[in-house]
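**Student:** I would like to see how this sequence folds:
(chains A and B)
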Amino acid sequence: MSHLTRRDLLKSAATLGAAAALAPALPGPAGAQTTQKRELIVAQGGDLARLDPHFSTSSNDIRWSFNLFDNLTSRHPDGKLHPGLATEWKLTAPTTWTFKLRSGVKYHNGDPFTSADAKFSIERTYDPNVKTMVATALATIDKIDAPDATTLVVHTKKPDPLLPARLAFYGGQIVPKKYVESVGNDAFNAKPVGTGPVKFVSWTKDDKLVVEAHDGYWGGKPDFDRLVMRPIPETAPRIAALLKGEVDIITQLPADQGERVAGTPTTRVAGALYAGLYVMAVNSKRPPLDNPLVKQALSFAIDREAIVKELWRGRGIVPNGPIAKGDNHYDAGLGPLPYNPSKARDLLKAAGYKNEEIIIETTVAYLSNDKQMSEAIQGMWKDAGINAKVEVIEYSVRAQKNREKSFKGVFWSDPTSTLGDPDGMMWRLLGPGGPQDYWRHPRWDELGNAARFSVDEKFRAQAYKEMTTIFLEHFPWLPVIQPYEDYGLQKYVEFQPNPNQQFEIRRFNFKFKRA
Amino acid sequence: MRGVLGFLAPKLLRALIAVWLVTTVVFIVMRLSGDPVPLLLPPDAPTSEIYRVRRELGLDRPLPVQYATFLGNALRGDFGRSIHFREPAWGVVVRYLPATLELGLTAFGLALVVAVPIGMLSAIKRNSAVDQAAMGVALVGQSAPTFFLGIFFILTLSLWAGWFPTSGRGGWEHLVLPALTLGAFSMASIARLTRSAVLDVLRQDFVRTARAKGLPEAAVVMKHTLKNAALPVVTITGLQFGTLLGGAVVTETVFAWPGIGRLAIQSIYNRDYPIVQCTVFLSAVLFIVLNFAIDLLYGVLDPRIRPR
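**Tutor:** Predicted coordinates:
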């Protein structure tokens, strides 16, 4: 997903270090463990761009669109799919999914939700006239029928085992047909109406978004009357706002600041293991990176334990392959990717590596710790006899290189597992024609394609196992860490975040501790 | 009348050329690297999808054509639609302007009100403890990076002392720290310049004459020194207002202040060309108008340079 927010403008390790050194002993009241607040204030790293859920996939936007709107299916903090606006769903034919919809649900403006809204909403995502930004999210769909008000029948072009998972993520937010058609797309974006637990009140750009609890929410009214989101782009002021008690929750808490938040009597850290990995994607077309032995050596030469411990203060785990922990078909029996510099040297010798320069292209704080990890890995590679160079690029340049597939060596990527399944992660990004298509392997492609269209989970498990084996020989990605996504909270806030960045605030995962 | 026109016309022409040059440079530089479209779409969007959106935004056309369109529209006051916000760029920028003006003018006022008296005092009491303390603080104010100063103020005056909110826009108490941060550099340079300008004038013959004829010191300073020291102070003050606009980029980011500085930096990162062009245009015009105003003020302050 997009990470416009991950960057912290002008942030540098030096300034944060200086800020930490200056941090005074806090006079904060140690007794603020409960509250009578009816207003929740959340600070995130950047403002929203758009409220219309079909026009953005940026994490700053979807944090709010997943609260203003509901999806048919919903991925909860436990990582599993739960009912949303659909109460149940099943495969009624190889290419047909039938959804039973919740009845009695009302939009914020009082209009009832029916299957016509669901049909309209899903078709809107890929309607060429609407020109949404999620045109490919649900592109496996062929046509949709709404035989009655609470039944939706979705026909896919080919068998699609992951359709219910797709509907839980971006593109799947259900918008009101009648309202959108009567006011038009621009007015809808300015004043959105959904079925979610909060309803829109006002938005002052770069200042605040105000929403209030939707009393008649089918999942129960959330534990606040009003919710205010304040964008605070810089990390240090965002943390200061939390420590001073001006805000209740902050997003994007960097790992190296966690101790400070946890060490303050009134605040604490809550995290969820990221549904995805931080990897160095490899341009396997560029020699010597076209040689699998060289890539194996690169992997062996990375001391991931040290990166997790030193740069992430333990807030992450070492991956064991291309599948994130928590996803379907994650192989718990596979050990973490090993560190073995002498083996790396042997492999380099066998590969006939002639000290060719390997370029690491990194952004600064587009992903947390990207530059620091690049420099650490450059040093580790040097110790193993690999000649690496770090080049810093800006993130819009990265986006351009991503489009042109013109990276010079290895580059950072944080593949999100959008579907809780390898298909939505490695196959989506590394598959033929995908945005990181720099390496092809006939058997791997055959398996990935078969798994995508198979509704037999046993077959799929076998396919992903074999794909993992091939992956670990060729390393189209060098997985580095599966980090925690951390939030800073007041101690009187009970909140369990999603593993992706949806940030759903519902009755089951959020509450104020009252005296 | 011809005199005034002769005075104004070349300046106006130069101003127009400057605005044109600035916007052109920005137009070219912004397009040399980076691409806004992949930032709008999911990362797995196929290339066909990226090209579709590029076409929609007109980014697929040759650069000279895009430039001609931009110039033609800009002359009519149309800066295009923001790529990121999907609404007219001018409307977006204008909404951000009041916050920046509020912050900038407060910082500027604060700088003037504090710096000019301190500078004068320092000059009159040259080499005293007051002078040395004031100039010491001024040196720090002038050399500390805005970013550092902002975070330092947040940690000390807000988090530790608890006097002001950490960030955001609201009542006057929200304004203090950002205005102090933004004004620090200007305050320091204006104070230092006022001091040296006043010292300069105090050494002049007419001041010695004034003192010799027995005028009280207050009259010497107020009547003879101040007016003559004003010229360089006005110049630097005008230029400082320009630096304030530049400093707003950092200050607004640190303090989460919803102004055009923050809008500009975010739009640069997003490669939101129309917004960047619009903010740059506005800043350039503001800067030029200020310089223009200072030029006119010279004439008021110093009869010798009035057009004849």
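
**Student:** which SSE is the closest residue to chain B within the stretch 201-350 of chain A in?
**Tutor:** Using C-beta to the nearest C-beta, the point where the stretch 201-350 of chain A gets nearest to chain B is residue A:206, with a distance of 3.6 Å. (C-beta placed from N, C-alpha, C; glycine too.) Counting by DSSP states H and E, no helix or strand carries residue A:206.

**Student:** can you pull out the helices in chain B?
**Tutor:** Listed in chain order, the helices of chain B (DSSP state H) span B:2-32, B:37-40, B:47-56, B:63-75, B:89-124, B:129-143, B:146-153, B:172-202, B:205-212, B:217-219, B:226-254, B:260-269, B:273-301.

**Student:** let me know the pLDDT of the residue of the stretch 201-350 of chain A closest to chain B.
**Tutor:** Here, the pLDDT recorded for residue A:206 equals 87.

**Student:** I'd say it and residue A:231 touch.
**Tutor:** Yes. Between residue A:206 and residue A:231 there is a contact at 6.0 Å, judged by C-beta atoms under 8 Å.

**Student:** more crowded one of these two?
**Tutor:** residue A:231 (25 against 22; other C-beta atoms under 10 Å in any protein chain shown).

**Student:** C-alpha coordinates for stretch B:75-86, CSV please?
**Tutor:** Taking Å, rounded to 0.1, in the frame of the first residue of the first chain, the C-alpha atoms of stretch B:75-86 are listed here in CSV:
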residue,chain,number,x,y,z
LEU,B,75,-2.0,34.3,-17.3
ARG,B,76,-5.8,33.9,-16.9
GLY,B,77,-5.2,33.1,-13.2
ASP,B,78,-5.9,29.4,-13.6
PHE,B,79,-3.2,27.2,-12.0
GLY,B,80,-4.8,23.9,-12.8
ARG,B,81,-6.2,21.2,-10.6
SER,B,82,-4.3,19.8,-7.8
ILE,B,83,-3.2,16.2,-8.6
HIS,B,84,-3.3,15.2,-4.9
PHE,B,85,-6.5,17.0,-3.7
ARG,B,86,-8.3,16.9,-7.1
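
**Student:** in it, what's buried?
**Tutor:** By neighbour count with 16 or more other C-beta atoms under 10 Å in any protein chain shown, stretch B:75-86 contains the buried residues B:79-86.

**Student:** got the buried residues for stretch A:392-402?
**Tutor:** A:393-402.

**Student:** check stretch B:12-26 too.
**Tutor:** Buried residues in stretch B:12-26, counted by 16+ other C-beta under 10 Å: B:15, B:19, B:22-23, B:26.

**Student:** kindly report the same for stretch B:151-162.
**Tutor:** Within stretch B:151-162, the residues that count as buried by 16+ other C-beta under 10 Å are B:151, B:153-155, B:157-160.

**Student:** with stretch B:92-102 instead?
**Tutor:** Result for stretch B:92-102 [16+ other C-beta under 10 Å]: buried residues B:92-93, B:95-97, B:99-100, B:102.

**Student:** so who does residue A:311 touch?
**Tutor:** A:255-256, A:369, A:372-373, A:376 (C-beta atoms under 8 Å, 6 or more residues apart in numbering or on different chains).

**Student:** shouldn't residue A:443 be within a strand?
**Tutor:** No. Residue A:443: not assigned to a strand; according to DSSP: H, G, I helix; E, B strand; the rest coil it is helix.

**Student:** let's have the contacts of residue A:311 in JSON lines, adding pLDDT.
**Tutor:** Shown next, in JSON lines, are the contacts of residue A:311 (pLDDT from 0 to 100):
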{"residue": "A:255", "pLDDT": "91"}
{"residue": "A:256", "pLDDT": "89"}
{"residue": "A:369", "pLDDT": "93"}
{"residue": "A:372", "pLDDT": "95"}
{"residue": "A:373", "pLDDT": "97"}
{"residue": "A:376", "pLDDT": "97"}
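
**Student:** which of these fall within strands?
**Tutor:** Among these, no member falls in strands (DSSP state E).

**Student:** need those residues in TSV with neighbour count, can you?
**Tutor:** Shown next, in TSV, are those (neighbours: other C-beta atoms under 10 Å in any protein chain shown):
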residue	neighbour count
A:255	20
A:256	20
A:369	22
A:372	18
A:373	23
A:376	18
